[in-house]
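In: Could you look at this predicted model? Sequence included:
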Amino acid sequence: MIRLSQADHTFIEQIMAEPGGENLLTCWSCGTCAATCLVRRFDSSFNPRLTLHQAGLGLRGLVLSSSEIWQCSACDACYPRCPRQIHISEVMGAIRSVAIREGFHSPGPSALVDEQVCSGCAVCTRVCPYEAIDRVALGEHMVAHVNADKCMHCGICMASCPSGAITLDTFSDTELVSRMFADGWLGQPGYLDGGSTIPRILVFVCQWSVRTDAELQRVYNLGSQVRVVNLPCSGRVDPAMILTALNDGADGVLLAGCQEGECHYKRGTLLGRSKVGLLRALLAQAGIAQERLAFVELGAFDRYVLSGLVQKMLHSIESLVAAAVLE
Amino acid sequence: MPVDDKLRVGVYICSCGANIGSVIDPAAVAEYASHLPDVVLARDYMYMCGDPGQNLIRKDIRQYKLNRVVVAACSVRMHEPTFRACVADAGLNPFLMEMANIREQDTWVHSKDPEGALLKAKELVAAAVAKVRHVFPLTTITVAVTKKAMVIGGGVAGISAALDLADMGIPTYLVEKELSIGGTMAQLNKTFPTMDCSI
Amino acid sequence: MDKVKLAVYWAGACGGCDIAIVELGEHLLELAQVADIVFWPCAMDFKLADVEAMSDGYIDITLFNGSIRTDEDLHVAKLLRSRSRALIAFGSCATEGCVPGLSNVRGSDYALERAYLEAPGTENTQGMLPGRASNLPDSLHLPGLRPQVRALQDVVTVDAFVRGCPPNYEQVWKAINQLLTEGLPRSGERLLGVDPRSLCDQCPRVRIGKIRVPRFKRIHEAIPDSEQCFLEQGFICAGPATHAGCSAACIKANMPCRGCYGPPEGVRDQGSAILDAVVAGFAGQNDAAIQEALASIVDPIGTFYRYSYAVSLLNQLAEHRNAQPEAVAVHAEPKR
Amino acid sequence: MVDAARQPLIDVMAYSDVERVDGYIGNFRAQVRRNPRYVLADRCNGCGACSRVCPIEVPNSFELDIAPRKAIDVPHGQAVPLIYQIDIDNCIKCYQCVTACGHLDAIDFSQKAEVVDLDIGAIVVATGFDSFDATKIPEFGYSRYPNVITAMEMERLANSAGPTIGHLVRPSDGKFPHSLAIIQCVGSRDKRFNEYCSGFCCMYSIKNALYLKQAHPEMDICIFYMDIRTPAKGYEEFYNRARQMGIRFIQGRPSQVTEDPVTHNLFVEVEDQALGQVIEMEAEMVCLAAAAIPRGDSEQVASMLTLSRSPSGFYMEYHPKLRPVDSPTDGIFLAGAIQGPKDIPASVAQGSAAASRAARVLSKDTWEIEPIVARVDAERCISAQGKKCGICARACPYGAITVEQGYAAVVTPAKCHGCGGCVAECPQDAIRQDHFTDAQVVAQLAVLLKDSPQEKILAFMCHWCSYGGADNAGTSHFEYPASSRGVRVMCSARMDQDFILDAFRRGAGMVLVSGCHPQDCHYITGQQVAARRFERIPRTLERMGINPERFRVEWISAAEGDKYARVITEMDAKLKSMDRGQIIAETARALPEINNRLKRWRSVPYMADLLTEPELEAVR
């Protein structure tokens, strides 16, 4: 049992003294944030309303030792909907600041830098949506260093590192490639190569952009001509993976990410979109049909649209061949 | 602009229970006020607006021949009519009474600075005394009343007002923007809590 | 100890790589102490027949520069492979196709027509093209162009690589010393004479690390600051995705890196890596801004794949499209 | 409704607009425009023959545009008055209605708008409320998904007199919805839109749920709420009945509504607070309990009647507890939702209350009004000396002053509302305002700025707004520094430039002039007169060597206690950051110039003493 008499009012004051923590007590627990938050799709225990409520009661130990305070990715999907206009990610940030001051740390995971390979090029420090990476001196070299308390393990840095010096336990390159190739789905001639009799599409899906399992199930229902590979973020995609897939028998690659402004990692969807945009320009210049690669955005209100978008791409690839025959 | 023969100002400091009295000492304000020019008496009391408080003023006006009154209490928006009526009862022109707002604009907003609040209360009282020394009797203006009413809006509230006015014998114009009266209520299905129909 | 037998050959290339060897200067005398040059048509009087006459494995080390552009290049590459104990791809052309590889974008027929028929100042009223039959008397037989420019290791097995367009002479000397002192490399084993990290490790410029830019400028559009990271100024620089080894020569001349030293180890496709580095610095917060940034990158292939198109995943994909893959001696395996 | 039409003393003027109101308590004159129906009221018998033959259908706003009406029609069958009307913009003038009307000859295409003047003694304002536009909350899907409707649309769809004769159907397919999700607090209790509680939505949603559940026991009805508020008599019992009947109440505000594009069913995502888990309901229909909001024309009506609006936009009463149906303007009373969201019982009660308050005036033959009016000193008025002036007449918002060259200006006391604008504007100091004379105001300044004036903020406040705002800071207990000293006048228009200069002459550290927001001004244009005057003051001060940052103008409504406290707090901080010696030096520098400007003032009665002698001789 929690004894309210033991609640720590200085904890409330500490949080409210931090920038962004001022609105802690404004919350009246309507739950809009909890129902909006995407984190709970993969971790049902995560509940921002509850964390704010606990903090507002002054339950210092419970809040600071919980892993939840580290999980908010500051996507700010909840903020515009909050009827109390509480910038919840900022309150979370204020709680984290208090936690760090008191010796608590994020349980991770976080990105790891191979300091023997890193050249300190600063691409990762620039790309990180959380400014979690800085360059530090290591002997005569400058190398990247990840602040594990800030890292949200989105994998964007890993995808962006031109030297392949950054790794993460989840969604590693090896893991993604093996899922692309699993069961020999890649490595055989595709429809456009005259191999398969039907077009085959690899769908990279940002795990946050798909709001329900039912949505994904409808894509699976399209059968083996579609291979779905989950990504932590559309910004995680590596152009080389897309080119490899197209080379190894995928007729099309579809990258599905969050709608602009709804990215779970702030700017990942813009990165994914940019990469696809540049790749399509490269395909066009190399004389390869642009229809084979597309970025599609899934909004918070979109339901059961992904399977339709995949089918649309299948049709457009079929019509590529039909057009070639006509020529 | 006649100034009476000799100004005799009475000052009344209200404690308003604890609303004023818990932040500043009304007696201290009264003591201060008693030394202001033309002030012949200054008192503090728990509730000036209550009957005993008002009686005190009426009695003093008669007994001490007060010809100006300052009441330091709440906002004029609250009790100016009360104290004007009070002094009028005692035969004083109601416009010879002034109020100093030492509650809404003092103790309620400076509770964390009692010293500052006390100083401010004293000066507000002094200002009211200064003004009251310059006021003169005024006569209210009497106008004729056109015994008709206009109700703007024919919804449930407007209809209710119009019916009551008309039932009291007052001719009433019920002006409605829309084609028919009834407002929102006419659009409703059943109404709570009786579940009868709205029309 | 016997002297090492050394061969140098120039295939589809500009000649810069040979100059890089000549640039060794006094080191050439040291080289002469330990090595006999048995074949170097550019510098000394050797004939192809001399090589044909050698037994297999006669040459210890061959420094092969240039891409496989013509039938003759292919023939000599195969010949030198058989005669050499160690075949070294020397310079960007041999390593990854280099600038000649960009002709793969439009194909060799287009390249010939463009160069011999359409280029301004060209007078070729009879429409003669190399490698095609001509009816002129005393005409030389010129070798025909292959449909695609290839890197050396795409046609024969290569034992080691020296990067650069051209390789920096210090690096060349380091590479040669490495070969002479550490013994001959096994097939495809390593890069010679380079540093382990990407160019940024050696770049003296200041990187703030958080600066993102709304769009990219081309080098003729503005004069870059000489102290600050090119990418943070909005100039595309391939440094982050390029192997160190050149001693940051271009950077020091206030020119952004264009990637001639190829990708860092472990990176399959240099163009993808440059693209990643560039996209990372986009400041745009919405689609319109992103489109603007994308539009500021003209000639994406020339920007991202200037040196590596011939060995790129993109070129491979484009060839699929042509659906007539030519037979190659060694199928493209993951390099390095 | 019908009672009102039958009551002989009530003149129902439907389809009419109040265009203008002048006058004062007991003596208002209203200009009302009767819009043309193109059907003569005294001939139309409401038979509907015209409508039956009319070939044109247009959306019916009474049905919230979900059902049509004819171009000649009544809004609904029980309309009062039952007079048909032609929607002239959509009428094709086929004149079939004229034929159908026959010998009644009630249709008159030449009818024009008619403007009538009404003389009245009191006014009751009961203009009601609007519904919140639910499209402003995109996450609830209103207008994006056909089966998301508002509560008012539900009223029509469930109404046996409505377009579906009481059969509830889904807009997407016309089928009965077997499941219904009701979302509460749509646009209310929401900082993005309206912070207040709309008050009666809980009850009407429960009513709708109960009504539907009674008719369709198998229907799955879920009400998603933040708090259920049923405080009035019999309401809690009503709520309990709904729970007993199996209507599900889930505490939690839905995050969003999405739609299955094929079935058009809706998915409501919500955190059930009791479970602490996010749940999803698939509903065939969603009903949004849209908040009651102030009417779109409330600002316009407020300025016509010189009423004030609370921050929420609803009209402000004179006093929230003691005079809840009086408006700040004498003789004008508030009834119903225009004063704040209200349900039917409360609206009826307030209508009666307003009638009673109005009758308090109307039952008398005469009414006494405050004598705080302007008076002209004929000897000082330069018009009397034959000079051309008339500044006072131009400043008066009520036309209460007439100026004829050669004669002193004349104030009509019954027309004068006592703002004091003319007094402050008169360049000759020839007008005084009873009870707020120059001497009465300056006597206060002299006392308040006697001791340590450099540490004080002198705050001029208008009676209606900023004084009320300062009171509101008090009732809300918003603390601010005790360095301010308030001086009340009736309107910011009364705040004479000379007052401000005198305050600086006496060494005031800061001077605040505050009044109503322009639309709230109790004296129509008083605030504008003041604002124009105050605009010039910073430059004047600067020329005299006084830092213009020591002067501040703020418009603060009676509801903006927080703003009043904030302004004083900011000014206090600014003052504390200034050098005291510098303030004294500035005062000394400006003194000759100010004295020079105030020279004429000395001849105003009682002013000479106040401008030289120290007023307060406090004995310590």
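Out: Now that the structure is in, tell me what you want to look at.
In: From now on I want contacts and neighbour counts done on CA atoms only, so please keep to that.
Out: Noted.
In: out of everything not next to it in sequence, what's closest to the residue nearest to the spatial centre of chain B?
Out: Computing the C-alpha centroid of chain B and ranking residues by CA atoms, centre = their mean puts B:His79 first, at 2.5 Å. Nearest non-adjacent residue to B:His79, counting by CA to CA, 6 or more residues apart in numbering or on different chains: B:Cys49, 7.5 Å away.
In: Could you do A:Ser163 as well?
Out: C:Pro264 (5.7 Å).
In: The residue nearest to the centre of chain B: what secondary structure?
Out: Secondary structure state of B:His79, per DSSP: H, G, I helix; E, B strand; the rest coil, is helix.
In: any idea how far it is from B:Ile24?
Out: 20 Å (CA to CA, to the nearest Å).
In: cool, B:Ser111 as well?
Out: Counting by CA to CA - B:Ser111 and B:Ile24 are separated by 9 Å.
In: now A:Asp238
Out: 72 Å.
In: So for those two, which sits in the more crowded spot?
Out: In terms of neighbours (other CA atoms under 10 Å in any protein chain shown), B:Ile24 is the more surrounded of A:Asp238 and B:Ile24; the figures are 25 against 22.
In: Which element, helix or strand, includes that one?
Out: B:Ile24 belongs to no helix or strand when assigned by DSSP states H and E.
In: nearest residue to D:Gln519 other than its sequence neighbours?
Out: D:Ser303 (5.9 Å).
In: which element is D:Gly351 on?
Out: D:Gly351 belongs to helix D:344-362, assigned by DSSP H and E.
In: How about residues contacting that helix?
Out: B:145-149, B:156-162, B:164-165, B:168, B:170, B:185, D:26, D:121-124, D:126, D:325-326, D:331-337, D:367 (CA atoms under 8 Å, 6 or more residues apart in numbering or on different chains).
In: Buried residues, that helix. List them.
Out: D:344, D:346-359, D:361-362 (16 or more other CA atoms under 10 Å in any protein chain shown).
In: if I read this right, C:Asp237 contacts C:Cys260, doesn't it?
Out: Actually, residue C:237 is Cys. It isn't Asp. No: the pair C:Cys237 / C:Cys260 is not scored as a contact, 11.6 Å apart, by CA atoms under 8 Å.
In: Neighbour count for these two, which is higher?
Out: Using other CA under 10 Å as the criterion, C:Cys237 and C:Cys260 rank with C:Cys260 on top: 27 against 23.
In: List the residues that contact that one.
Out: C:92, C:98, C:163-165, C:242, C:306-307.
In: among those residues, who's most crowded?
Out: Going by other CA under 10 Å, C:Cys98 tops the contacts of C:Cys260 with 32 neighbours.
In: which ones are touching that residue?
Out: C:67, C:92, C:165, C:260, C:306-310.
In: Which residue ranges of chain B form strands?
Out: B:9-14, B:39-45, B:68-73, B:97-101, B:141-144, B:149-152, B:172-175, B:190-191, B:196-197 (DSSP state E).
In: Please identify which of those is closest to chain A.
Out: Smallest distance to chain A across those (CA to the nearest CA): 28.2 Å, for strand B:190-191.
In: Distance check, D:Ile25 against A:Val226.
Out: 80 Å.
In: what do you get for D:Thr150?
Out: 41 Å.
In: list the contacts for the closest residue to chain D within the stretch 51-200 of chain C?
Out: In the stretch 51-200 of chain C, the residue that lies nearest chain D is C:Val105 (44.3 Å; CA to the nearest CA). By CA under 8 Å, 6+ apart, C:Val105 lies in contact with A:285-287, C:315.
In: Among those residues, which one sits closest to D:Arg380?
Out: The closest of these to D:Arg380 turns out to be A:Gln285 (CA to CA; 90.2 Å).
In: Nearest residue to the middle of chain C?
Out: C:Ser92 (1.9 Å).
In: residues touching that one, list them.
Out: C:65-66, C:98, C:162-167, C:260-262, C:307.
In: how does it look with 6 Å?
Out: Neighbour list for C:Ser92: C:98, C:163-165 [criterion: CA atoms under 6 Å, 6 or more residues apart in numbering or on different chains].
In: likewise A:Thr32?
Out: With CA under 6 Å, 6+ apart, A:Thr32 has these contacts: D:253-255.
In: Could I get the full set of helices for the stretch 101-250 of chain D?
Out: D:151-157, D:201-215, D:235-244 (DSSP state H, counting those that start in this stretch).
In: ok, back up a step: on the pLDDT front, check the residue of the stretch 51-200 of chain C closest to chain D for me.
Out: Among the per-residue scores, C:Val105 shows a pLDDT of 94.
In: A:Cys82 now?
Out: The predicted local confidence for A:Cys82 is 96.
In: Count residues in the vicinity of it, would you?
Out: Neighbours of A:Cys82 (other CA under 10 Å): 22.
In: gap between A:Leu283 and chain C?
Out: 8 Å (CA to the nearest CA, to the nearest Å).
In: How about that residue, nearest residue that isn't a chain neighbour?
Out: A:Gln290 (6.1 Å).
In: again with D:Ile338
Out: D:Gly128 (4.8 Å).
In: Verify the contact between the one you found and D:Ala335 for me.
Out: No: using CA atoms under 6 Å, D:Gly128 makes no contact with D:Ala335, being 8.4 Å away.
In: These two: who's more crowded?
Out: The neighbour comparison of D:Gly128 against D:Ala335 (other CA under 10 Å) goes to D:Ala335, with 37 against 29.
In: Let me know the pLDDT of the more buried one.
Out: 97.
In: now do C:Ala332
Out: 37.
In: again, but for the one 3 residues further on
Out: For C:Lys335, the model assigns a pLDDT of 36.
In: for whichever strand or helix holds A:Phe204, the distance to its chain's centre please.
Out: Per DSSP H and E: A:Phe204 is located in strand A:201-206. Counting by CA atoms, centre = their mean, to the nearest Å, strand A:201-206 is centred 14 Å from the centre of its parent chain.
In: Please name every helix or strand in contact with that strand.
Out: strand A:226-231, strand A:252-258 (3 or more CA pairs under 6 Å, 6 or more residues apart in numbering or on different chains; DSSP states H and E).
In: Just the closest residue of the stretch 151-300 of chain C to chain D, please.
Out: Counting by CA to the nearest CA, the stretch 151-300 of chain C gets nearest chain D through C:Asn286, at 20.1 Å.
In: mind giving me the domain ranges of the chain?
Out: Assuming you mean chain A. Using automatic domain parsing, the domains assigned to chain A come out as A:4-101, A:112-160, A:171-326.
In: oops, chain C please
Out: C:4-97+C:151-182, C:199-297.
In: Next one: the closest residue to B:Ala33 other than its chain neighbours from chain D, what distance?
Out: Closest residue in space to B:Ala33, ignoring its immediate chain neighbours: B:Ala42 at 6.2 Å, by CA to CA, 6+ apart. For B:Ala42, the distance to chain D (CA to the nearest CA) stands at 14 Å.
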